[in-house]
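pasting the structure only:
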Ligand code: IMP
């Protein structure tokens, strides 16, 4: 008997590719949306009728009637941020009660994890990762160090004692760091944390691996939603300037409890150019007017931290690498309209490193390379009002065809503006 499969949607660059919008466009086809990694470091912006909403931990299917949203075991949860998000969603008149379930195996981010994140970044000085300071790294470090607190622990009678033991261990660790500025009021946050933990109990704590597999068997169409971006993957990203989870499609298996043979379509999202927040290699980064123009027109400021994003041209070396690593079946191109007024559009097709030409993505993320560009004439046409591929200007179709030829993958959705309907499905 043929196995039923779930589909995956994830970002192919350094995050912020516009997953929130795409998931929202794709969700009418799915009855379940599941997050499999990351935590509140993510910021998925959804835009409806010109109004925007940012999701950090809650899966992007939450605004759709009849869609169940799963926070999988691979996610790390800060209860305070989760509950703030839920209350903001409910303020918009959406009933979340029977639409959200949480894996017992998901790990909790403790207030001391946030403190440790701040201490570690401060101690690293110029070499800092540029983390979102949400405690992601320390929470995952405790998980793999077999020292974490999980959602299922909340239901244990000794939860408060367990928490205290973790807190004490973290406090000892914190003493080893040079003095640093704590970016929040610890006691107040701890108080809110316990309140939020209590409030989390209104949602079912589930064995998400059983839940998701049984739903698949029953024929439920499921979408697994990635966070961050492939080049921030802990194993294959631009290490150490990465996040602490497997953001690639392989992470779906460990982050939800799904066998590799049950992964169906892999939708890979990329921007028509590149951005990055935080530190680390970015071969096609622009420091000139073009870079500033991409930032201004694309509103390239972090959804979670508000930091200005670094901007640059599309990088085909990196894109081919992440298409390969994820087994992408369908490409989705975002924010094409941001480049509407450029006379020339560039794409990196290889890197020069000393006297060597590199065709594949290097181990160090290309920290010392110079990109070799292919130039395209700009389309100089507003794309955002167009709804059919046939209406696209010739120059833009050539840009699309080049990317498809290079990656060997079809671009099946082109986004031409932030609103849900500014989307061309081919
Ligand atoms: P952390 O995940 O907060 O530890 O941050 C590690 C790196 O990943 C930093 O460079 C962050 O800016 C980046 N990062 C984390 N989450 C996101 C995201 O959702 N979008 C873009 N970058 C992110």
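Ah, there it is. Bear in mind that the values here come from a model prediction, so they are computed numbers and not experimental data.

pLDDT below threshold where in the stretch 1-150 of the chain?
1, 49-50 (pLDDT under 70).

switch the cut-off to 90
1-3, 18-28, 43-54, 97 (pLDDT under 90).

tell me the contacts of the residue of the chain found nearest the ligand?
Proximity to the ligand, evaluated over the chain using CB to the nearest ligand atom, is greatest for residue 278 at 2.1 Å. Backbone N, C-alpha and C define where each C-beta goes, glycine included. Neighbour list for residue 278: 129, 130, 131, 132, 241, 307 [criterion: CB atoms under 8 Å, 6 or more residues apart in numbering].

tell me the SS of the closest residue to the fourth one other than its chain neighbours?
Going back to what we said before, that points to residue 132. Nearest residue to residue 132, sequence neighbours excluded (CB to CB, 6 or more residues apart in numbering): residue 41, at 4.2 Å. At residue 41 the chain is in coil, as set by DSSP: H, G, I helix; E, B strand; the rest coil.

burial of residue 41, as a residue count?
28 (other CB atoms under 10 Å).

correct me, but it touches residue 137?
No. Using CB atoms under 8 Å, residue 41 is not in contact with residue 137; the gap is 9.3 Å.

shared neighbours, these two?
Here residue 41 and residue 137 have 131, 243 as joint contacts, going by CB under 8 Å, 6+ apart.

Write out the residues of the stretch 101-250 of the chain neighbouring the ligand.
Listed as neighbours of the ligand in the stretch 101-250 of the chain under the rule CB under 6 Å from any ligand atom: 129-132, 134, 136-137, 227-228, 232, 241, 243-244.

Just send these back as JSON lines, with neighbour count too.
Formatted as JSON lines, these follow (neighbours: other CB atoms under 10 Å):
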{"residue": "129", "neighbour count": "19"}
{"residue": "130", "neighbour count": "16"}
{"residue": "131", "neighbour count": "22"}
{"residue": "132", "neighbour count": "24"}
{"residue": "134", "neighbour count": "24"}
{"residue": "136", "neighbour count": "26"}
{"residue": "137", "neighbour count": "24"}
{"residue": "227", "neighbour count": "29"}
{"residue": "228", "neighbour count": "30"}
{"residue": "232", "neighbour count": "28"}
{"residue": "241", "neighbour count": "22"}
{"residue": "243", "neighbour count": "27"}
{"residue": "244", "neighbour count": "23"}
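
Pick the one among the residues you listed closest to residue 96.
Closest to residue 96 out of these is residue 227 (19.2 Å), distances taken as CB to CB.

picking up where we left off before, now, the residues of the stretch 101-250 of the chain next to the ligand that are in helices?
Under the assignment DSSP state H, these contribute 136, 137 to helices.

Show me the residues of the stretch 101-250 of the chain next to the ligand that map onto strands.
Judged by DSSP state E, strands contain none of those.

Going by distance to residue 3, which of the residues of the stretch 101-250 of the chain next to the ligand wins?
Minimum distance to residue 3 across these is 25.8 Å, recorded for residue 227 (CB to CB).

give the contact list for that closest one.
11, 15, 19, 35, 37, 38, 39, 41, 42, 44, 247.

pretty sure the third one contacts residue 13?
No. The pair residue 19 / residue 13 is not scored as a contact, 11.0 Å apart, by CB under 8 Å.

Drop the exposed ones from the contacts of residue 227 and show what's left.
Neighbour counting by 16 or more other CB atoms under 10 Å classes 11, 15, 19, 35, 37, 38, 39, 41, 42, 44, 247 among the contacts of residue 227 as buried.

Would you format those residues as a markdown table with distance to residue 161 and secondary structure included?
Converted to a markdown table, the buried ones among the contacts of residue 227 look like this (distance: CB to CB, whole Å; DSSP: H, G, I helix; E, B strand; the rest coil):
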| residue | distance to residue 161 | secondary structure |
| --- | --- | --- |
| 11 | 40 | strand |
| 15 | 37 | coil |
| 19 | 39 | helix |
| 35 | 29 | strand |
| 37 | 29 | coil |
| 38 | 29 | strand |
| 39 | 24 | coil |
| 41 | 29 | coil |
| 42 | 31 | coil |
| 44 | 35 | strand |
| 247 | 34 | coil |
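
The longest helix anywhere in the chain - contacts with which helices or strands?
As assigned by DSSP H, the longest helix anywhere in the chain is helix 159-175. Applying 3 or more CB pairs under 8 Å, 6 or more residues apart in numbering; DSSP states H and E, we find helix 159-175 packed against helix 111-124.

can you list contacts of the helix it packs on?
Contact with helix 111-124 is made by 78, 128-131, 133-139, 142, 166-167, 170-171, 173-174, 177-178, 180-184, 186, 189-190, 193, as judged by CB under 8 Å, 6+ apart.

tell me, how many neighbours does residue 187 end up with?
Residue 187 has 8 neighbours, counted by other CB under 10 Å.

Got the phi and psi for it?
phi -60, psi -40 (degrees, to the nearest 10).

Please apply the same query to residue 83.
Main-chain torsions, residue 83, degrees, to the nearest 10: phi -70, psi -30.

Now it. Nearest residue, chain neighbours left out?
Closest residue to residue 83 apart from its sequence neighbours, by CB to CB, 6+ apart: residue 196 at 4.1 Å.
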